[in-house]
Structure formats: C-alpha cells, structure tokens
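Colleague: Provided below are the primary sequence and the corresponding predicted coordinates.
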Amino acid sequence: MEFQFGTNWAAFSKAAGGVIGQTLAMEGVFSFFLESSSLGLFLFGEKKLGRIGHWVAAFLVFLGSWLSGYFIVATDAWMQHPIGYRIGANGAIELASFWDLLLNKWALWQYAHTMLGAAQTGCFVMGGVGAFYLLTRRDQIYGRTFVRAGVIVGTVAAILQLFPSGDMQGKLVANNQPPTLAAMEGLFESQEGAPLAILGQPDVDKRRLDNPLEVPNMLSFLTYRQWRANIKGLSDFPQTEWPDQIPLLYYSYHVMVGLGTIFIAVMALAALLQWRGKLYDSRWMLWILMVCVPLPYIANTAGWMTAELGRQPWLIYGLMRTASGISPRVAAGNAWFTLIGFMGMYTVLGILWLFLIYREIELGPEPRGHLQKDDAAVLVAD
Ligand code: HEM
C-alpha cells in the first residue's frame, strides 16, 4: 500500500506527503519493526525465553500490531476528516499541528470500531475452533477454554461495536459527510422524521428506494436523538458531491450492520447458555459458532468498503478529488495490470493461508497421538 502511494497516487503523495508521511513513517519505525522482531522471538524463541519472556514477546507482538493499526487508521481518518493542516505557498498541504493529526476525533472512534472488529474476528475464530474440537470430541479441555474465551470477549466486543463505536462513527459521518450518510441509508429526499431502511434496493436513476422495509423516524432518532429531526437526502446536494457507487455503498453498509446485529444475537445466546452451564453440550449452538467463522471477515471488508466508497468522490474529503490524486503518467491499463497481479498474488497467499491454518487446527494444540489425562477425564465425565 505504501509503495502504491508513490506509484499510482503520485499527485496525492506530492500534495499530502507532508501530512500522511508522518503517520506512515511512524508506523514503520515504531510499530512495524517492534511487531516483526517480536514475532520472530515469539515463534522461534519459546524454549530460550522461558515462560515470562515468551509472554513478553507475545505482548510486544500485540502492542506492535495495535500501534500499527492506529497509525494506519489515523492516516485514513485524516483523509476522511482533514484537520491540523495548512496550504503552503506552492499549494502543497502542510502539517500545522502534529497532535491534531494524531488525536483526530475521527481517528479515535474509527480506531475503536476497527479494533473491535478485529477483536470480534479473533473471538469468532477462537470460538469456532473450540466448537470444532468439542463437536469432534477431541482436545476438549482446550475446546472449552477457546469457546469460553471467545464467547465472553466476543459478547462485549459485539455490543461495543454497535454502541458506542458504530453509533459515534455514524454521527461523525452525519456531521461531516452528509451526502455519504444519505447514500449509505438510501435516502434520496430530505425528511423530518426520516425512516431507517432495513431492506430495499436503491434505484439511483429514479431517485428512490425500491421495496423498502423501514422503521419510521428511526434514522432521525439514531442520528440526532430526536424523532422528528430533519435528515438531508441526496437531492439536497449537487450530484457532483454524491458518492459514485451508491448501490455498492448502500449494500456494503447494510451487510456490515446486518452482520453486526447477527453477531450480537449469536454471542448473547451463547453467553446465556454459558452462564446456565449448557454451552458445551448444545451441539446446535456449537455448530452456529463454527459456521459463523467467515462472517466477521465479510463484515470487516464491508465496513472498509463503506468507509472508502462513502468518502468518494473525494480522496481527501473536501480538499482533493480522487480523480486529481492519480499519477498522470500511469495509464489505466497499467493500474489494472498491477491490480490483477496483486489480486492473483493475494489469492494464492490466501489459499496457502487457509491450508496452513486448517492443518494447524487439525494437528491440534497438543502433539497428536497422546491423549492427555485431562482430556481423558473429560471424555469419561461426558
Ligand atoms: C453493529 C452495527 C454497526 C454499526 C452501526 C456500524 C457503523 C459503522 C460506520 C458508521 C462506519 C463508518 C463509515 C464511514 O466512515 O463512512 C463503519 C465503518 C467500519 N465498520 Fe462498522 N458498524 C457496525 C458493525 C460492524 C461490524 C460487526 C464490523 C466488523 C466485524 C464492522 C467493521 C467496520 C470497519 C472495518 C469499518 C471501516 C473503518 C472505519 O471507518 O471505521 N462494523 N461502521
């Protein structure tokens, strides 16, 4: 990505490099090296480091990756909501306040929301792997621990994803990018007491939502905490300010929120069963946990599509159009060529990753072939 700024986004890098270069360099210097060197220690130094040293290495991997997440999100947040800059004599965007860039309100909420998405993904993977062990009646001690940890942390993360983080993100979009909010919600005409569309298909040519299933007044309430508040529809903005891909933006947003709602229901149900001591024997619930594993990946991707499609047609909201940020000497064909190349490479890496992860799960947390005493005890008790 950082190389791509230089190759495909030369005009953007030239204009905004003085700002985004700060956070991107900090990501490299402070977090990337911390994360990668600690990962080496974590993976290969277990025997030499001892228990505490190994734990510290794991903590540093966590710290490095979460710090890295912050610097990247702060860069994106500045593109969503540029503050702390001034326009220099040659027209370049210069950094006026380092702390405004780093503590951008948008960055703080976006970071919370994004990392909760990451935590939820981890919880569903952990719960799903644990459910797999319990359903196949192997490694049951680990299976129970995985399911318990995944469900407890996952329930908290799923709720926080909706409120306050998702709610605050929505408010920031409403206040700073009102055409984006209208497009995300499929709202073409301004309305007092605007409804929240649960389902429906946006028809951009006819400027309406087909087959809508709506909750009356709810969008006004969620946005401004007033049932009759006025929400501006797309028709109130010049069409040059509309996001280019309204249907894709609308569907991405609805997929994210729809899945988020399902996650709350699944995790809350699992937590209830856990509390009542029935979770490990509820095969149907374990199946649900296992089948849900791919869904947070889809929700995260849909979330990013919402944020990035929603920012269009701006590259830096209100400051620079996406069309003005490209490299003028790189032809569209060249950009397609490298994009397809990257897609191919990531598809191969993705398949390899799935294969390796599946092999690790199959091998199990303990070397196979010797059933532990604890496991045998669980089997006898069952
Ligand atoms: C539960 C209801 C949810 C609400 C109300 C919500 C709301 C939002 C909003 C308003 C945005 C910002 C869009 C923009 O900047 O234009 C967003 C972005 C995002 N969401 Fe959600 N979201 C929810 C659930 C989820 C879930 C379940 C995940 C993943 C597991 C997720 C992951 C993301 C990601 C990765 C982004 C992009 C980064 C960002 O701008 O924060 N969201 N969400």
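Modeller: Thanks, I have the structure now.
Colleague: buried stuff in stretch 142-151?
Modeller: Applying a neighbour-count criterion of 16 or more other Cβ atoms under 10 Å, one finds Tyr142, Gly143, Arg144, Phe146, Val147, Arg148, Gly150, Val151 buried in stretch 142-151. Any C-beta I mention is one placed from the backbone N, CA and C, and that applies to glycine too.
Colleague: could you tell me how far Thr347 is located from Trp353?
Modeller: 11 Å (Cβ to Cβ, to the nearest Å).
Colleague: returning to what we had before: tabulate the buried residues of stretch 142-151 (TSV), appending pLDDT and distance to Ser190.
Modeller: TSV is the format used below for the buried residues of stretch 142-151 (pLDDT from 0 to 100; distance: Cβ to Cβ, whole Å):
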residue	pLDDT	distance to Ser190
Tyr142	96	55
Gly143	97	53
Arg144	98	54
Phe146	98	49
Val147	98	48
Arg148	98	49
Gly150	98	44
Val151	98	43
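Colleague: between the residues you listed, which sits nearest the ligand?
Modeller: Among the buried residues of stretch 142-151, Gly150 lies closest to the ligand (Cβ to the nearest ligand atom), at 13.8 Å.
Colleague: nearest spatial neighbour of that closest one, skipping sequence neighbours?
Modeller: Nearest non-adjacent residue to Gly150, counting by Cβ to Cβ, 6 or more residues apart in numbering: Gly127, 2.9 Å away.
Colleague: what about that neighbour, how many neighbours?
Modeller: Neighbours of Gly127 under the rule other Cβ atoms under 10 Å: 30.
Colleague: can you count the residues close to the residue in the stretch 51-200 of the chain positioned nearest to the ligand?
Modeller: Using Cβ to the nearest ligand atom, Gly166 is the residue of the stretch 51-200 of the chain that sits closest to the ligand, at 2.7 Å. Gly166 has 20 neighbours, counted by other Cβ under 10 Å.
Colleague: repeat that for Tyr251.
Modeller: 19.
Colleague: who touches it in this structure?
Modeller: Under the criterion of Cβ atoms under 8 Å, 6 or more residues apart in numbering, Tyr251 has no neighbours.
Colleague: now the strands for the chain?
Modeller: 85-87, 93-95, 191-192, 196-203, 208-215, 230-231, 314-316, 320-321 (DSSP state E).
Colleague: which residues touch the second one?
Modeller: Judged by Cβ under 8 Å, 6+ apart, the contacts made with strand 93-95 from elsewhere in the structure are 15-16, 18-19, 22, 82, 84-88, 101, 316, 319.
Colleague: likewise for the third one?
Modeller: Contacts with strand 191-192, where a contact means Cβ under 8 Å, 6+ apart, come from Ser220, Arg228, Ala229, Asn230, Ile231, Gly233.
Colleague: okay, now the sheet partners of that strand, with direction.
Modeller: strand 230-231 (antiparallel) (DSSP bridges).
Colleague: what residues does the strand it pairs with touch?
Modeller: Ala174, Leu181, Ala182, Glu185, Leu187, Ser190, Gln191, Glu192, Ala194, Leu219, Ser220, Thr223.
Colleague: and stretch 24-44, by the same measure?
Modeller: Under the criterion Cβ under 8 Å, 6+ apart, residues 2, 5, 49, 53-54, 57-58, 60-61, 63-65, 67-68, 70-72, 75 lie in contact with stretch 24-44.
Colleague: so among those, which ones count as buried?
Modeller: Neighbour-count burial (16+ other Cβ under 10 Å) is assigned, among those, to 5, 49, 54, 57-58, 60-61, 64-65, 67-68, 70-72, 75.
Colleague: what sits against Thr338?
Modeller: Shown in contact with Thr338 (Cβ under 8 Å, 6+ apart): Thr7, Asn8.
Colleague: distance check, it against Asn8.
Modeller: Going from Thr338 to Asn8 by Cβ to Cβ gives 8 Å.
Colleague: ok, Thr7 to Trp314 distance?
Modeller: For Thr7, the distance to Trp314 - Cβ to Cβ - is 21 Å.
Colleague: do the same with Val56
Modeller: 43 Å.
Colleague: who's more crowded, the two?
Modeller: Trp314 (21 against 15).
Colleague: bridged to that one, which residues?
Modeller: Arg321.
Colleague: hmm, Met320 and it touching each other?
Modeller: Yes - using Cβ atoms under 8 Å, Trp314 makes contact with Met320 at a distance of 6.8 Å.
Colleague: flag every residue of the protein that's near the ligand.
Modeller: By Cβ under 6 Å from any ligand atom, the residues of the chain that approach the ligand are 80, 110, 113-114, 117, 120, 161-162, 166, 169-170, 173, 180, 256-257, 259-261, 263, 296, 299-300, 303-304, 306-307, 310.
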